[in-house]
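Student: Just need the structure, nothing else, for what follows:
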Amino acid sequence: MIRDRDAERRRHARMARVLIKACGGLEECADLTRVGKSQLSDYQNPNVEAFMPADVMADLEEHCGRPLYSAALAEAVTAQAALRSLTDEACEASEAAADLQRKVRQAVEDGVLTAAEREDLSRAHAKAMDELRQVGEALVRR
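Tutor: Have a look, this model is predicted:
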């Protein structure tokens with residue numbers, strides 16, 4: 001998946017800023033972590049491509065008692081997974097519907113619909129309906 005690097009940098013800077021503020025600012029954070037004020041300042045600057053390392057994040061979240069940054073990262077990953085799931089489900093539903101359409105065309109081509117063809121079409125229809133149901137479930141999970 002292609003990401004907008006500028007948007008990602010701004011999002012990380014915003015999360016760093018929230019966490020640093022929750023911990024009392026740059027001075028206090030510099031005393032809590034292995035990095036200094038200037039590096040912490042870079043983490044919250046959207047114009048600098050510097051991202052807070054996990055150990056620094058963990059130290060600050062432990063200090064403030066809330067997973068402000070890591071929870072936001074986890075939510076973003078979950079949201080992206082939900083979008084991929086929705087896309088996958090929609091594609092599978094379309095493919096199942098196209099398969100049903102192809103089978104219907106083949107079955108009626110000779111002007112006769114046999115019992116075996118009806119059974120095959122019924123299975124293809126059930127599969128397409130199941131795939132559509134899964135699209136609805138993916139929408140609800142979003």
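
Student: so what does the helix or strand where residue 80 lies touch, helix or strand wise?
Tutor: Residue 80 is located in helix 68-108, with elements delineated by DSSP states H and E. Contact here means 3 or more Cβ pairs under 8 Å, 6 or more residues apart in numbering; DSSP states H and E; on that basis helix 68-108 packs against helix 5-22, helix 54-64, helix 115-141. (C-beta placed from N, C-alpha, C; glycine too.)

Student: Domain ranges for the chain, per the record?
Tutor: Per automatic domain parsing, the structural domains of the chain span 5-66, 81-141.

Student: now do the same end-to-end measure for the longest one.
Tutor: Translated: domain 5-66. With Cα to Cα, to the nearest Å applied, domain 5-66 spans 27 Å between its terminal residues.

Student: The last one now?
Tutor: Distance between the two ends of domain 81-141: 10 Å, counting by Cα to Cα.

Student: still on that earlier bit, mind giving me TSV with the domains of the chain and columns for distance to residue 72, mean neighbour count and mean pLDDT?
Tutor: As requested, the domains of the chain are arranged in TSV below (distance: least, Cβ to Cβ, whole Å; neighbours: other Cβ atoms under 10 Å; pLDDT from 0 to 100):
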stretch	distance to residue 72	mean neighbour count	mean pLDDT
domain 5-66	5	16	94
domain 81-141	15	14	91
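
Student: which one of the helices and strands packed on helix 68-108 lies closest to residue 75?
Tutor: helix 5-22 (10.5 Å; Cβ to Cβ).

Student: can you give me how far stretch 80-95 is from the chain middle?
Tutor: Put simply, stretch 80-95 sits 12 Å off its chain's centre (Cα atoms, centre = their mean, to the nearest Å).

Student: doesn't residue 44 make contact with residue 50?
Tutor: No - in this structure, residue 50 is not within contact of residue 44 by Cβ atoms under 8 Å, at 9.2 Å.

Student: Closest to the centroid, which residue in the chain?
Tutor: Centroid-nearest residue in the chain: residue 80, 0.9 Å away (criterion: Cα atoms, centre = their mean).

Student: re earlier: want to throw the helices and strands packed on helix 68-108 into a markdown table with distance to residue 30?
Tutor: Listed next are the helices and strands packed on helix 68-108 as a markdown table, based on distance: least, Cβ to Cβ, whole Å:
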| stretch | distance to residue 30 |
| --- | --- |
| helix 5-22 | 10 |
| helix 54-64 | 10 |
| helix 115-141 | 41 |
